[in-house]
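> Here is my input; please provide its structure:
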Amino acid sequence: MCSVLSFLTAHLLRTSSLRKHRMRLFVKAKPNAGKTFVKKNDESHFEVAVKEPPVRGLANQAIISALAGYFSVEKTRVRIISGYTSRQKVIEILESNSQ
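Numbering: from 1, shown residues only. The predicted structure is shown next:
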């Protein structure tokens, strides 16, 4: 029993340091804009304008790139949760504890 408890404690300590924080954003997308920008409306609501058209996922990829640059994270840490074909999107950004 004691060895199982110590194993679980060690496992929890090891995995808790690797846990990732998730930030959920509500984004109003503006494709076909004259310039690319990210505008913060409040803590969780943003407007993201991109030059790319909403065709074949080009605008979505540009929005991911713009947000990754804004938050200084890798593009692989930014993903669209909902709103792939809508201007209203829910986006999740994963950030590790070390950031």
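
> Break down this structure into its helices, ranges please.
Counting by DSSP state H, one finds helices in the chain at the ranges 2-16, 58-71.

> Would you map the strands across this structure?
20-30, 37-40, 45-49, 78-82, 88-96 (DSSP state E).

> chain center to the third one, what's the gap?
Just to be clear, that refers to strand 45-49. Remark: strand 45-49 is offset 13 Å from the chain centroid, using C-alpha atoms, centre = their mean, to the nearest Å.

> Mind listing residues that contact stretch 51-69?
25, 27, 29, 31-38, 46, 48, 50, 74-75, 77-80, 84-85, 89, 91, 93 (C-beta atoms under 8 Å, 6 or more residues apart in numbering). Quick note: C-beta positions are derived from backbone N, CA and C, even for glycine.

> Just the buried residues from those residues, in ChimeraX please.
Buried members of the contacts of stretch 51-69, defined by 16 or more other C-beta atoms under 10 Å, are picked up in ChimeraX with:
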select :25,27,29,31,33,36,38,46,48,50,77,78,80,89,91,93
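
> still on that earlier bit, can I get the strands of the chain in a markdown table including distance to V55?
Output for the strands of the chain, formatted as a markdown table (distance: least, C-beta to C-beta, whole Å):
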| stretch | distance to V55 |
| --- | --- |
| strand 20-30 | 13 |
| strand 37-40 | 20 |
| strand 45-49 | 16 |
| strand 78-82 | 16 |
| strand 88-96 | 16 |
